[in-house]
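Q: Return atomic coordinates for the entry below.
(2 chains)
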Amino acid sequence: MTQNQLDADARSLLVAERETIVEVFNREGVAGAAALIEAELRIPGPLATLITGPSRAPGGQASKPIAGDLPGWPAGLATDDGFHRLELLRVGRTTAEPFLVTTKQLSGGYRLLVGRSLEEQQRLTATLTTSLVAAIGIALALALAISFLLTRTIGSRVQEIADVAGAVSGGDLSRRVDLPALGRGDAFYSLGIALNAMLARIEALLDELRSITDGLAHDLRSPLTRMKARIDRLAISGGDDAAIAAIGVEADALLAMLDISLEISRLEAGIGRDGFRRIDLAELINDMAEMYGPLAEDNGVALTARSDGPVEIMANRQLLLRALANLVDNALRHAPGGGEIMLEAAASSDGARLSVADRGPGIADAMRPEALRRFGRLDAARSKSGAGLGLSLAAAIARLHGGTLTLTGNNPGLRVEIAIPAN
Amino acid sequence: MAKILCIEDDPTTADYIAKGLGEAGFTVDIAADGRDGLFQASDGSYDAIVLDRMLPGMDGLAVLSALRAAGVVTPVVMLSALASLDERVRGLRAGSDDYLGKPFALAELLARIEAVRRRSQAAAGGDAPVTRLAHGDLEVDLLSRRVTRAGRRIEIQPREFRLLEFLLRHAGQVVTRTMLLEGVWDYHFDPGTNVIDVHVSRLRKKLDDGGAASLLHTVRGAGYRLGEA
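A: Model (predicted):
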C-alpha cells in the first residue's frame, strides 16, 4: 500500500513536471523548453529530463538530444503518455538508477522524457521492511518470555493452593495455605486468606458436630432413662395420673431439647439469613421490655430498655427476639429479687449492639466458654430448669447475623452483649 | 354436628386426632393419602380440614393448591413436622388458614379449628368491618379505644387493648397461649416461661375490678376463654 501511495505521488509529480515543459514548448518553442530544462537541471535533484529533436537516425526516430541530462533516448522506450520503469544513467553519474519515466510526443517531431528517481522510494521500502521484521521478531520473543514467566508464577501458586485442598480432602484438616509464600497484596494472597478462613470454619464445624453428637447423646439419655423407669413402673403398678403427667413432662423436655438443638444446627448452616429486613433495635428492646415487664415485676425485678434514638440494622426480627427472650429469661432466673435487668440497644462504629445486663451471680471468667457450649451447664446438679441451650442458641443467632455474643462481668452480675455488623 | 376431614397418613396420629376431635363433638373422616383426601374434600361438605403436609404420593401443599384451585373454600389447618416460621409462611401462602407444628397438643388443634371456622363464617357472611366489640356488659370501641364494663370506664395499656381485642374476637372459644403469642405479640417461638399468663392475669384483674363477674377464664391444659363461666 505504501508502494502504491508513493507511486501515485511520483506519477502526479511527473505529470505536473511534464505538462509544465509541454506548455512552455507550445508557447515558446523548443528553445524555451530547452532553457527551462537547463535551468531546472542546474539544481541537482531526482529529475531526469530529455528533449530530443528530429535527426536522421536509423529507424527514423527523432533522437538528437537537444537538452537534458540523459545521453540519448533510451532504446525501445515508447512515446506514449504512460509510465515506465527503467534504469537510466544520467550524465555525470557513475551508476544507473531506477527511474519512473513518462514520455510525450511533441509537435514538430520532438520528443519529451521526464523521469523521477525511485532510489529514495526503494530505500524507504527497504528500511520499513527491515524495521517491521525486527519488530515482529522482538514482539514474538517478548510474548514467549512473558507467557512463560506468567505460567510459571500462576502455576506454582495455584499448585500450592491445590496441594492444600488435596491434603484437606484427604483428611488432614489442620493444613492451611502458606500465606508468606504467596507474596502480599495480590489476588492469590486474597484467595489464600479466604481459603484458610474456610478451612478453619470447616474444622470448627466438624469439631462442633463431634461435640454436639457426644453432648446430645449424653444429655438425652438422662430424661429418656427417667421416662423409661416411670413407664416400667406404670406397667407394673397400673395407671397413676401424677406418674403419667410426669412422663409427659419428661417427653416435653426432650422434645424442647431436640428442637432447640436442631434450630442451632440450622442457624450454624446459615438458614435464616434470607429473612433479614431492616429493623429498629430500639423498638425491639422496647417490645421485649413490654413483653417481659409484668413477669419481671411479679418477680420483684425492674426491667428497663434504654437506647439513644432508633438503631437500624438488617436482621431477622424473630431470631433476635428469640435470642433476647433467652437472655432475659436467663437473667430472670438468676437475678435475685429487688435487682434490675437492663436492655440496651446502641449503634457502634461498625454496626449495632444489643445487651442484656443483670445483677445476678454472674459467670466466672473460667466458666464462660462452658456456658456458651451447647448443653453447657454451670450447675452440675442441673437444679434449675432451662435445658442449658438458651445462651448457646443466642450465640448461634448472633453468628448467623455475622456477629458475636460476649459475656462480661456487670460488677456485679452478668452482661451479655450481641454485636451485629452493619453489612 | 360439624364434620371434619383429617388427611393424615400416619395411623397413630390420625387415630389420636379422630379420638380427640370426636370427644369434642365433631364427626371425623380420615383419608390416608393426598389423592383420597382431595377427592373427599372436593365435595365441599366439610366444616374444616386437617391436612398433614408430608403425605405419600401427592404432598400436602399440592393437595392444598388443588383444593383452592377447584374453588373449595373449606378452612384448612395444616400440620407439619416442619415447624419453622419460613415453613409456616409457605403453608399459609399456599392457601391454608392456619399452620401447626408437630407434635401438637390436641387442645391447640381444637382451638385453632374453632378459630378458622369462625373466621371463615364471618368472611362468608360478608360482615362489615367491626368498630365495636361487646360481650355481656363489656364494651370495647375499636376506634376510640374506649373500654367500659357496665358503663364504667377501664384504663388499659395499648398492648392490653390488643390482647382484649383478640380475646373478644374469639369470645366463647378457647384461645391457646401460642395463638396469643402469634396473634397479639407476633412472636413465632415459645418463650418457655409463663410470660403470657402474667399479661392475661393483669388484664383479668382490670376487667374484674370492682367485683364484677369474671369474664376471662383459664381453661386447664389449653389456654383461656373470654365468655360465660
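Q: Need the single longest helix in chain B, by residues.
A: Longest helix of chain B, by residue count under DSSP state H: helix B:106-124.
Q: Quick one: list the elements packing against it.
A: helix B:11-23, strand B:48-52, strand B:76-80, strand B:98-101, strand B:175-176, helix B:177-184 (3 or more Cβ pairs under 8 Å, 6 or more residues apart in numbering or on different chains; DSSP states H and E). All C-beta spots, glycine's among them, are computed from the backbone N, C-alpha and C.
Q: For the ones you listed, could you give me a markdown table that also reports distance to residue A:54 and mean pLDDT?
A: Converted to a markdown table, the helices and strands packed on helix B:106-124 look like this (distance: least, Cβ to Cβ, whole Å; pLDDT from 0 to 100):
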| stretch | distance to residue A:54 | mean pLDDT |
| --- | --- | --- |
| helix B:11-23 | 131 | 92 |
| strand B:48-52 | 123 | 96 |
| strand B:76-80 | 121 | 94 |
| strand B:98-101 | 121 | 92 |
| strand B:175-176 | 134 | 94 |
| helix B:177-184 | 125 | 92 |
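Q: Turn these into TSV, columns for distance to chain A.
A: Shown next, in TSV, are the helices and strands packed on helix B:106-124 (distance: least, Cβ to the nearest Cβ, whole Å):
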stretch	distance to chain A
helix B:11-23	14
strand B:48-52	18
strand B:76-80	14
strand B:98-101	9
strand B:175-176	15
helix B:177-184	9
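Q: Can you lay out the ones you listed as CSV showing mean neighbour count?
A: CSV is the format used below for the helices and strands packed on helix B:106-124 (neighbours: other Cβ atoms under 10 Å in any protein chain shown):
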stretch, mean neighbour count
helix B:11-23, 15
strand B:48-52, 26
strand B:76-80, 25
strand B:98-101, 21
strand B:175-176, 24
helix B:177-184, 20
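Q: between these, which gets nearest to residue A:147?
A: strand B:76-80 (59.6 Å; Cβ to Cβ).
Q: relative to helix B:11-23, how tilted is the closest one?
A: Here strand B:76-80 runs at 140 degrees with respect to helix B:11-23, directions being taken by axes from the mean of the first three to the mean of the last three Cα atoms, to 10 degrees.
Q: Neighbouring strands - and their directions - for strand B:76-80?
A: Counting by DSSP bridges, the strands paired with strand B:76-80 are strand B:48-52 (parallel), strand B:98-101 (parallel).
Q: Quick one: distance of the helix or strand hosting residue B:166 to the chain centre.
A: Assigned by DSSP states H and E, residue B:166 belongs to helix B:158-169. Relative to the chain's own centre, helix B:158-169 is displaced by 15 Å; criterion: Cα atoms, centre = their mean, to the nearest Å.
Q: So which residues make contact with that helix?
A: With Cβ atoms under 8 Å, 6 or more residues apart in numbering or on different chains as the test, helix B:158-169 has contacts from A:290, B:133-135, B:138, B:140, B:142, B:145, B:147, B:156, B:175, B:180, B:183-185, B:199-200, B:202-203, B:206-207, B:216, B:224, B:226.
Q: Dump stretch A:248-266 to CSV, restricted to CA.
A: The C-alpha coordinates for stretch A:248-266 follow below in CSV (Å, rounded to 0.1, in the frame of the first residue of the first chain):
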residue,chain,number,x,y,z
GLY,A,248,-45.4,-36.2,79.8
VAL,A,249,-43.2,-33.5,81.3
GLU,A,250,-40.0,-35.5,80.5
ALA,A,251,-41.2,-36.1,77.0
ASP,A,252,-41.8,-32.3,76.6
ALA,A,253,-38.4,-31.5,77.9
LEU,A,254,-36.8,-34.0,75.4
LEU,A,255,-38.7,-32.5,72.5
ALA,A,256,-37.7,-29.0,73.5
MET,A,257,-34.1,-30.0,73.7
LEU,A,258,-34.2,-31.6,70.3
ASP,A,259,-36.0,-28.7,68.8
ILE,A,260,-33.5,-26.1,70.1
SER,A,261,-30.6,-28.3,69.1
LEU,A,262,-32.0,-28.7,65.6
GLU,A,263,-32.5,-24.9,65.5
ILE,A,264,-28.9,-24.2,66.5
SER,A,265,-27.7,-26.6,63.8
ARG,A,266,-29.9,-24.9,61.2
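Q: Tabulate the strands paired with strand B:76-80 in TSV, adding columns for distance to residue A:78.
A: Shown next, in TSV, are those (distance: least, Cβ to Cβ, whole Å):
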stretch	distance to residue A:78
strand B:48-52	107
strand B:98-101	106
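Q: To residue A:159, which of these lies closest?
A: Of all these, strand B:98-101 comes closest under Cβ to Cβ, at 51.2 Å.
Q: thought residue A:122 was touching residue A:100?
A: No. At 11.0 Å, residue A:122 and residue A:100 do not qualify as touching, with contact defined as Cβ atoms under 8 Å.
Q: higher neighbour count, these two?
A: More crowded of residue A:122 and residue A:100, by other Cβ atoms under 10 Å in any protein chain shown: residue A:100, with 22 against 14.
Q: what lines up beside the helix or strand hosting that one in the sheet?
A: Taking DSSP H and E as the definition, residue A:100 sits inside strand A:97-105. Strand pairing for strand A:97-105, using DSSP bridges, gives strand A:83-88 (antiparallel), strand A:111-117 (antiparallel).
Q: What are the buried residues along it?
A: Using 16 or more other Cβ atoms under 10 Å in any protein chain shown as the test for burial, strand A:97-105 gives A:97, A:99-104.
Q: The residue in chain B that chain A sits nearest to - how many residues pack around it?
A: Per Cβ to the nearest Cβ, residue B:198 is where chain B lies closest to chain A, at 4.1 Å. Applying other Cβ under 10 Å, we find 19 residues neighbouring residue B:198.
Q: Look up which helix or strand the spatially closest residue to it that is not a sequence neighbour falls in, please.
A: Nearest residue to residue B:198, sequence neighbours excluded (Cβ to Cβ, 6 or more residues apart in numbering or on different chains): residue A:294, at 4.1 Å. Using DSSP H and E, residue A:294 sits within helix A:281-298.
Q: Name the residues of that helix that come out as buried.
A: Buried positions in helix A:281-298, judged by neighbour count with 16+ other Cβ under 10 Å: A:281-296.
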